[in-house]
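>>> Structure for the following, please:
(2 chains)
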Amino acid sequence: MSRRSSLVRVLTLRFALVAVLGASVATLSYALLKPVELEYELDDVGREIAERVVMREDGRPAKILLEPDSPLLSRLGEINALHLKVYDKADGRVLFAFDHERGNSSSVDAISSWPPGFFVLGGITTPQHEYGFIDELAFDNGAVIRIVARRGPPQARDYLYWMAAELTIELGPLIATVALVGTALAVFTVRRGLAPLAAISRQAAALEPGSARRLDDREVPEEIQPLVEAMNRALDRLQDAFAQQQRFTAVAAHELRTPLAALRARLDGLPPDLVEREALFATIERMGRLVDQLLAVARLESGQLSTDELLDLRELVRAVIAERVPAALRAGKELALEAPDRPLMLRGNRDALERAVGNLVDNALRFSPPGGTVEIRLGEEGTLEVRDRGPGFGEVDPAELFRPFVRGRNGPPDPHGAGLGLAIVHDVAQLHGGQAFARPRPGGGAVVGFRVALLGEPAA
Amino acid sequence: MRLLFVEDDPQIAGAVARNLERSGFAVDHAGTLADAKACVEAQQYDVMVLDLGLPDGDGLDLVRELRHRRNPLPVLVLTARDAVSDRVAGLEAGADDYLVKPFAHEELVARLRALLRRPRDDLGDAVAVANLRYSPAAGTFTVDAGQPLLLPRREHMLLAALLRRPGRVVTRNSLEDAIWDFAQEIESNALESHISRLRRRLARAGAKVEIRSIRGVGYLLQPVSS
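The predicted model follows:
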């Protein structure tokens, strides 16, 4: 799953990275500039040895219990040139001794009486520096052991050990705190910084098509202002286009129909026995229908239709059918409606829906043979099906029929249609959250219809 | 019949006015809203044919003004706008009927005759289909101008509702609204049984009309065919 890049996420990550990197660089340079500190490891070793002290009956330390394969022993062996002795402080008894060279343990004796501390020793046995470490550990029963050690100069492993110790004990918590606080600050700062962007987005989302409202650029930072201004200018142009389209369809309807009406009126005034009269009437009627359908398409496609009327689809379909019954009966065709026993409520556009239903019924009537019945079925879930016994679709893919200017039905060429009727049905169904469909009817004919979203049940 | 024709397009105005005169109307023509107002004030008309888009205003304003002054002059609106909302606006403003351009002259004349015949406040002229006649004033049906046909209350209201719109479908909803109160529970086939009883009574009385049922939609009253 690909995620869209988020400014907040990216900026936060980068801030956190900067915090961690900064702390790390500071630590490293601190580590490199500071001389290596060896007492950490000797401290650790001393503590581990103290844990292994075995007490005698009288409460005095007896010895240090160390198995020959103890990891502590091998660890002692890794420390460069280590000599180490553990005494009972009270009587100076040696409890444990370790020499990196067997048998040469006398070397710590030179410093065994020194006070506790960490010392840099001049080259006593070697030209290089040596280090001395003396520690005293007290037990609850009053016994005290003395650990005396000397070791050679630090090696690579000592640096690593020291740095690890520095990091975990002293710098770790600091780095973690700096990184956490840095990240939290980064999130806060980024969010705060981008808040005007979120606010302007909310404003933009609330804008309606064709609305005269604009984005408020007074509160936005100067980086965002050009974007807001550009958007407002785009909205201005959009609103102009919108208004122009609305004016156009309103005026076009009037301007296109007026000469048709004049033509029709003049033809009505001609003698009734004129041969071409009926044909001319039919042509005018067809032109009128074409104008209607073109304007309907223009209105639908410009998105200027509101869909907020509360409508009963069943009542609307009844009214559309009722309007067409007299003409259908004169043509020897019948209409029948099958509908649920309850209203089918939806929010929509009455004009658009009446036109869509009318187009479906008109089509079915046109293709129905004389004596045939066009059956209209309304389903509970907002489905309208118009069934006829016409010639059907033949080879044409029913889905193609809903494209503008496609005429798909079999049979004689249709002198009335412009191939827009079903495209309108398609657009109207979509406008109402549904879709149009067409399929052959078993036994011959066609089933064409649409589904719309009723109130309370979204269309699938 | 004196008719006021308000239309600004000279081509339509001339042709339609001539056709109307040939159909027996005495036509006065007004090309603007102002002219139309002057005509209405100066002369008593039987009916007005009104175009909506006029150069000096919206025709519906004239209708509203007439209705405001309780002038019952029947108005048929001619409109070049097809949207249902425009038609509804026209009827709500007080127009009695509408016709979308382009229209057939016979259609215009038929609508005008219907308007002139339309009973005002249900007390006007009688309506008749074939040999069946309804007199709203007396509230009686007669067949062949003989004895009044007596019907039970609901069937009487049904037949009156159908007879008011002969040849057109009256939807189930409007029939149910006409004969039942809102509060009443209606059984699903109650309308059907009233209609079938009404059909039998009409047949027995010798009325040459039939009530066609348009399944799922409503009913339509027409003269018996053939």
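>>> how far away is the residue in chain B that chain A sits nearest to from A:L82?
Closest approach of chain B to chain A (CB to the nearest CB) occurs at B:G216, with a separation of 2.9 Å. For the C-beta atoms, the positions are set from N, CA and C on the backbone; glycine is no exception. Look at B:G216 and A:L82: by CB to CB, to the nearest Å, they are 105 Å apart.
>>> quick one, what contacts the residue of the stretch 51-200 of chain A found nearest chain B?
Nearest residue of the stretch 51-200 of chain A to chain B: A:I200, at 36.1 Å (CB to the nearest CB). Contacts for A:I200 (CB atoms under 8 Å, 6 or more residues apart in numbering or on different chains) come out as A:215-216, A:220, A:224, A:228.
>>> which residue ranges form the strands in the stretch 1-150 of chain A?
A:53-55, A:61-64, A:83-88, A:94-99, A:117-121, A:130-138, A:144-151 (DSSP state E, counting those that start in this stretch).
>>> cool, and the stretch 251-400 of chain A?
So, for the stretch 251-400 of chain A - with DSSP E, counting those that start in this stretch - the strands run A:309-312, A:334-338, A:345-348, A:373-378, A:383-388.
>>> How about residues contacting the third one?
In this case it means strand A:345-348. Strand A:345-348 is contacted by residues A:307-313, A:382, A:431-432, A:452-455 when judged by CB under 8 Å, 6+ apart.
>>> 7 Å instead, please
Contact partners of strand A:345-348, identified using CB atoms under 7 Å, 6 or more residues apart in numbering or on different chains, comprise A:307-313, A:382, A:432, A:452-455.
>>> swap in the second one?
Outside of strand A:334-338, the residues within contact range by CB under 7 Å, 6+ apart are A:317-318, A:321, A:324-325, A:328, A:373-378, B:214-217.
>>> and it with strand A:383-388, angle?
Strand A:334-338 and strand A:383-388 are oriented at 150 degrees to each other (axes from the mean of the first three to the mean of the last three CA atoms, to 10 degrees).
>>> The residue of the stretch 51-200 of chain A closest to chain B - that's part of a helix, no?
Yes - under DSSP: H, G, I helix; E, B strand; the rest coil, A:I200 sits within a helix.
>>> and the closest residue to B:E155 other than its chain neighbours, what does it touch?
Ranked by CB to CB, 6 or more residues apart in numbering or on different chains and with sequence neighbours excluded, the top spatial neighbour of B:E155 is B:L198, at 4.6 Å. Residues in contact with B:L198 (CB under 7 Å, 6+ apart) are B:155, B:158-159, B:211.
>>> can I see the domain layout of the chain?
I went with chain A, as the question did not name one. Here the domain parsing of chain A from automatic domain parsing is A:39-153, A:244-301, A:309-451.
>>> wrong one, I was asking about chain B
Domain ranges of chain B: B:2-118, B:127-223, per automatic domain parsing.
>>> how far does the last one sit from the chain's center?
Read that as domain B:127-223. Averaging C-alpha positions (CA atoms, centre = their mean, to the nearest Å) puts domain B:127-223 17 Å from its chain's average.
>>> Endpoint to endpoint, that domain covers what distance?
Counting by CA to CA, to the nearest Å, you get 13 Å between the two ends of domain B:127-223.
>>> Which neighbouring elements make contact with the host helix or strand of A:D240?
Assignment of secondary structure by DSSP states H and E places A:D240 within helix A:225-268. Other helices and strands packing on helix A:225-268, by 3 or more CB pairs under 7 Å, 6 or more residues apart in numbering or on different chains; DSSP states H and E, are helix A:277-301, helix B:10-22.
>>> Identify, out of those, the most deeply packed stretch.
With neighbours defined as mean count of other CB atoms under 10 Å in any protein chain shown, those peak in mean count at helix B:10-22, which reaches a mean of 18.
>>> which other helices and strands contact it?
helix A:225-268, strand B:2-6, strand B:26-30.
>>> switch to 8 Å and redo it
helix A:225-268, strand B:2-6, strand B:26-30, strand B:47-51, helix B:105-117 (3 or more CB pairs under 8 Å, 6 or more residues apart in numbering or on different chains; DSSP states H and E).
>>> among these, which is the most enclosed?
Of all those, strand B:47-51 has the most neighbours on average by mean count of other CB under 10 Å, namely a mean of 25.
>>> Tell me what angle it forms with strand B:2-6.
Using the same axes, to 10 degrees: strand B:47-51 against strand B:2-6 is 10 degrees.
>>> taking the mean pLDDT, what do you get for the biggest helix by length in chain B?
Ordering each helix of chain B by length in residues (DSSP state H) puts helix B:190-204 first. For helix B:190-204, the mean pLDDT works out to 92.
>>> What of stretch A:71-80?
Rounded mean pLDDT across stretch A:71-80 is 83.
>>> Look up which residues are beta-bridged to the closest residue to chain B within chain A.
Going by CB to the nearest CB, chain B is nearest to A:L337 of chain A, at 2.9 Å. Here A:L337 sits in beta bridges with A:I376, going by DSSP bridges.
>>> how near is it to A:A319?
11 Å.
>>> what's stretch A:69-79 in contact with?
Contacts for stretch A:69-79 (CB under 8 Å, 6+ apart): A:41, A:45, A:48-49, A:52, A:66-67, A:82, A:84, A:98, A:100, A:151, A:157-158.
>>> Which residues are in contact with the nearest residue to B:A30 once chain neighbours are set aside?
Spatial nearest neighbour of B:A30, excluding adjacent residues (CB to CB, 6+ apart): B:A36 at 4.1 Å. Taking CB under 8 Å, 6+ apart, we find B:A36 in contact with B:4, B:6, B:30, B:48, B:50, B:54, B:59, B:62.
>>> do the same with A:V20
Going by CB under 8 Å, 6+ apart, the list of residues near A:V20 reads A:175, A:178-179, A:182.
>>> can you do 6 Å?
Listed by CB atoms under 6 Å, 6 or more residues apart in numbering or on different chains, the contact partners of A:V20 are A:A179.
>>> Tell me the pLDDT of it.
76.
>>> Please report the distance of the residue lying farthest from the centre of chain A from A:A179.
When distances to the mean C-alpha position of chain A are computed (CA atoms, centre = their mean), the maximum falls on A:D91, with 75.6 Å. Per CB to CB, A:D91 is found 52 Å from A:A179.
>>> Could you tell me how many residues sit around B:E92?
11 (other CB atoms under 10 Å in any protein chain shown).
>>> quick one: low-confidence parts of the stretch 1-150 of chain A?
A:1-3, A:31-32, A:34-36, A:102-106, A:122-128 (pLDDT under 70).
>>> Please disregard the earlier target; I meant chain B.
Within chain B, the segments meeting pLDDT under 70 span B:82-86, B:118-126, B:182-186, B:226.
>>> where does it come near chain A, residue by residue?
With the criterion set to CB under 6 Å from any CB of the partner chain, chain B comes near chain A through B:9, B:11-12, B:15-16, B:18-19, B:53, B:80-85, B:101-102, B:105, B:167, B:169, B:171, B:214-218.
>>> Just the buried subset of those residues, please.
Listed as buried from the residues of chain B next to chain A are B:9, B:12, B:15-16, B:19, B:53, B:80-84, B:101-102, B:105, B:169, B:171, B:214, B:216-218; burial here means 16 or more other CB atoms under 10 Å in any protein chain shown.
>>> Just the ones in helices from these, please.
If you go by DSSP H, those have B:12, B:15-16, B:19, B:84, B:105 in helices.
>>> quick check, nearest of these to A:A364?
Nearest to A:A364 among these is B:V84, at 21.0 Å by CB to CB.
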